[in-house]
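J.: what's the 3D shape of this:
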Amino acid sequence: MEYLVTMTTHVPDGTAEADIQDIRGREAARSRELAAEGHLLRLWRPPLQPGEWRSLGLFAADNPDQLEQVLASMPLRVWRTDEPTALARHPNDPAGQPAVAADSAHQTAGTEFLTTLVVSAPTETPSEEVDVAEIREASRARELAGEGHLERLWRLAGEGQSLGLWRAADEADMQAILESLPLYDWMTVQTTTLTPHPSDPPLASA
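T.: Model (predicted):
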């Protein structure tokens, strides 16, 4: 099972810089170990305020207890609070589909974004119209995956809620991608711009 974990670190006042660098170095080493074990899949930095220390991690674990063991094994946990969100399989997730050929430039270029999507069709919408829109949405998701824009898609707890990982040239491009979705007119969207984390497994293994 996969989990998105918001990790917020508060370094105690008066902590020596040497101690901070030591624990950060051990955290990076442990992150590499967890990536090798298949537990740490991705790591990003969201937009931060001055002095804020926060990361977003995509983890894999058999259950919440195992996830807690994984998180507790990380050196920064002594200063950190973790907020995990369980992610369920989405039928339109590219990772669950047959391999789609994507241009390598599309796969590597641009900025990554996380979107929280809540779909709520108007109550008077005929079920047949909803069904057609969902079929068109699945087709568009496959197209966007093939273009290198849609990287992952998960279901969240709550009716009509999902989490998407995307890649786009910039915020305007990301918005245009979202507006191309057949279900967009029924969506409420929250978008988070992601920046690379030095311990992100794809970067660490490059």
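
J.: domains in this structure, as residue ranges please.
T.: Domain assignment for the chain, taken from automatic domain parsing, gives 2-87, 90-193.

J.: quick check: mean pLDDT of the longest one?
T.: Averaged across domain 90-193, the pLDDT comes to 90.

J.: got it, and the shortest one?
T.: In this model, domain 2-87 has an average pLDDT of 95.

J.: just to revisit the earlier point, out of the domains of the chain, the one nearest Leu203 is which?
T.: Nearest to Leu203 among the domains of the chain is domain 2-87 (8.6 Å), distances taken as Cβ to Cβ. For glycine as for every other residue, the C-beta is placed from the backbone atoms N, C-alpha and C.

J.: with mean neighbour count added, can I get the domains of the chain in TSV?
T.: Converted to TSV, the domains of the chain look like this (neighbours: other Cβ atoms under 10 Å):
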stretch	mean neighbour count
domain 2-87	15
domain 90-193	15
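
J.: and those domains: which comes nearest Pro201?
T.: Among these, the nearest to Pro201 by Cβ to Cβ is domain 2-87 (3.9 Å).

J.: coming back round to it: of all the domains of the chain, which one is nearest Pro202?
T.: domain 2-87 (7.4 Å).

J.: and the strands in the chain?
T.: 2-9, 40-45, 54-60, 80-89, 111-119, 150-155, 161-168, 187-193, 195-196 (DSSP state E).

J.: can you list the helices and strands that the longest one packs against?
T.: For strand 80-89, the packing partners by 3 or more Cβ pairs under 8 Å, 6 or more residues apart in numbering; DSSP states H and E come out as strand 2-9, helix 64-72, strand 150-155.

J.: of all those, which one is nearest Ser120?
T.: Closest to Ser120 of the helices and strands packed on strand 80-89 is strand 150-155 (Cβ to Cβ; 14.9 Å).

J.: that closest one to strand 40-45, inter-axis angle?
T.: For strand 150-155 against strand 40-45, the angle by axes from the mean of the first three to the mean of the last three Cα atoms, to 10 degrees is 100 degrees.

J.: now render the helices and strands packed on strand 80-89 as CSV, adding distance to Val130.
T.: Formatted as CSV, the helices and strands packed on strand 80-89 follow (distance: least, Cβ to Cβ, whole Å):
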stretch, distance to Val130
strand 2-9, 27
helix 64-72, 33
strand 150-155, 17
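
J.: out of those, the one nearest Trp166 is which?
T.: Per Cβ to Cβ, nearest to Trp166 of those: strand 150-155, 5.9 Å.

J.: what's the angle between the closest one and strand 111-119?
T.: 30 degrees.

J.: just the CA atoms of strand 150-155, as CSV, please.
T.: Output in CSV follows, covering the C-alpha atoms of strand 150-155 (Å, rounded to 0.1, in the frame of the first residue of the first chain):
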residue,chain,number,x,y,z
LEU,A,150,0.2,12.3,-15.7
GLU,A,151,2.6,10.3,-13.6
ARG,A,152,0.4,8.8,-10.9
LEU,A,153,-3.2,8.9,-9.7
TRP,A,154,-4.7,7.6,-6.5
ARG,A,155,-8.0,7.5,-4.7
